[in-house]
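Trainee: Here is my input, please return the structure:
(one chain, ligands or ions: 1)
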Amino acid sequence: MKIKSIIKDYYLEFVDNALGKKGKLFSKLKYGRLFYFVDKNVYKLYQQKLERFIKNDEFLVIPATERNKSYSKIANYYKELIEKRFTRNDILVTFGGGVLQDLSGFIASTLYRGIKWIFFPTTLLAQADSCIGSKTSINFDKSKNLIGTFYPPDYIFVDTAFCKTLTPEYFNSGLGEIIKFHLMSDVEGYTLLKKYLICPNLRKNIYFKTIVRSTLNIKYSYFKGDEFDSGRRNLLNYGHCFGHALESASNFAVCHGEAVIVGMGFANLLSLKRGIMKQQKYNEFEDIFRQYYPRFDISKVSVKDITYYLKRDKKRVTKDLTMILSQDIGKQFKFNDIKEKELIQVYRDFIKKYPG
Ligand SMILES: NC(=O)c1ccc[n+]([C@@H]2O[C@H](COP(=O)([O-])OP(=O)(O)OC[C@H]3O[C@@H](n4cnc5c(N)ncnc54)[C@H](O)[C@@H]3O)[C@@H](O)[C@H]2O)c1
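Mentor: Predicted coordinates for the structure are as follows:
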């Protein structure tokens, strides 16, 4: 897959046994040295293979926490690269999920005003969604992704076998984004999603690679021509306005993609209440979400905290709140007129319906 970007065109390749193919994957590249950022859990799980891959190169093991993806923490990572005399001739290589991607991408875009960067996504969310689209972000205080740049990796190598070791919660998190993209596609995409979800063993059923590819293609269709997120790409925030607020308000007890599933459920309820979505559609989509809603006592999250974080949402442009509402498959619309009172009312109903 070649992805066109205003910043630089880049490439995504599906690879089996990526950790056994360093020579082949890097053969076309010219570089001085390689420096690796490796997710701590990935390092533990794949240590022998990773050490063979990394060999004598320098590396840093980083825990994938939202707190580490922060303004205050990234100084340590710049320091490490600068002290190890990383140059613009060298390449930063990242193994990890969206957290490592966001912080590596931010560093890659800013260190020396841009360095070469290769990404091996190891979570379903990063493989099917975040690895393309060029967004890099770090958090500020407890608010998500407030600081960021647009800077894609030069190459992305996707080995779906990494998903076998994900915890159920992080597999579901990737699934949340996969569901979102297919609800934003068309009848064909929705049919593929339903076929995929009813098969046993979601990590390696016959549709697994197809659904990951399909998700990437749907995402590309949304940001092609709107890389900097000023128009159609905004719609991809379906489930995210409420989702990000829930992540922050729950102190990140709910992981990103699972919060997106809850966010879509909330946006659909608001769409239903406003008469944008029909009851039958609402029930149909809710049946899908219910299978993947995180087990979490949502009533512990106060509506006051949710509105506090919604007010800090970077997509908000008026004094009211912003949210992407939905009518049907591929029919999502941005609303900038959500009143706090309306949100509080819908939140009360949502909590009552949320599976305990
Ligand atoms: N840049 C973008 O376009 C974009 C898009 C969506 C989300 N994001 C960001 O991505 C982050 C979420 O990413 P994520 O869901 O990939 O989470 P993550 O990076 O936090 O990884 C989730 C967990 O899985 C572990 N892990 C990673 N790979 C593993 C593997 N193969 N086997 C076992 N465990 C593994 C990690 O150590 C971590 O504990 C959020 O910070 C979100 O804001 C960015």
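
Trainee: can you count the residues close to the closest residue to Lys21 other than its chain neighbours?
Mentor: When the adjacent residues along the chain are set aside, Lys21 lies closest to Val15, with 6.3 Å between them (C-beta to C-beta, 6 or more residues apart in numbering). Backbone N, C-alpha and C define where each C-beta goes, glycine included. Neighbours of Val15 under the rule other C-beta atoms under 10 Å: 16.

Trainee: now Thr65
Mentor: Here the count is done by other C-beta under 10 Å, and Thr65 has 12 residues near it.

Trainee: Can you report phi and psi for it?
Mentor: phi -120, psi 150 (degrees, to the nearest 10).

Trainee: Do I have it right that the residue nearest to Lys21 meets Ile118?
Mentor: No. Using C-beta atoms under 8 Å, Val15 is not in contact with Ile118; the gap is 12.0 Å.

Trainee: what's near enough to touch Lys4?
Mentor: Lys224 (C-beta atoms under 8 Å, 6 or more residues apart in numbering).

Trainee: Now with 10 Å, please.
Mentor: Going by C-beta atoms under 10 Å, 6 or more residues apart in numbering, Lys4 touches 10, 220, 224-225, 227.

Trainee: Just the closest of those residues to Asp305, please.
Mentor: Set against Asp305, the nearest of the contacts of Lys4 by C-beta to C-beta is Glu227 (32.6 Å).

Trainee: between Val15 and Ile118, what contacts are shared?
Mentor: When contacts are counted by C-beta under 10 Å, 6+ apart, the set common to Val15 and Ile118 consists of 25, 157.

Trainee: For His256, which residues are in contact?
Mentor: Shown here is His256, whose contacts under the criterion C-beta under 10 Å, 6+ apart are 66, 97-99, 123, 125, 129-130, 144-145, 170, 173-174, 176-177, 240, 243-244, 246-247.

Trainee: can you pick the most crowded of the contacts of Lys4?
Mentor: Within the contacts of Lys4, Tyr10 tops the neighbour count with 21 neighbours, counted by other C-beta under 10 Å.

Trainee: what sits against the closest residue to that residue other than its chain neighbours?
Mentor: Across the structure, with C-beta to C-beta, 6+ apart as the measure, the residue nearest Tyr10 apart from its sequence neighbours is Pro152 (4.6 Å). Pro152 makes contact with 3, 5, 7-12, 105, 108-109, 117, 119, 131-136, 227 under the criterion C-beta under 10 Å, 6+ apart.

Trainee: of those residues, buried ones?
Mentor: In terms of neighbour count (16 or more other C-beta atoms under 10 Å), the buried residues within those are 3, 5, 10, 12, 105, 108-109, 117, 119, 131-136, 227.

Trainee: ok, now which ones touch Asn234?
Mentor: Residues 222, 226, 315, 322, 324, 332, 334 are the ones in contact with Asn234 under the rule C-beta under 10 Å, 6+ apart.
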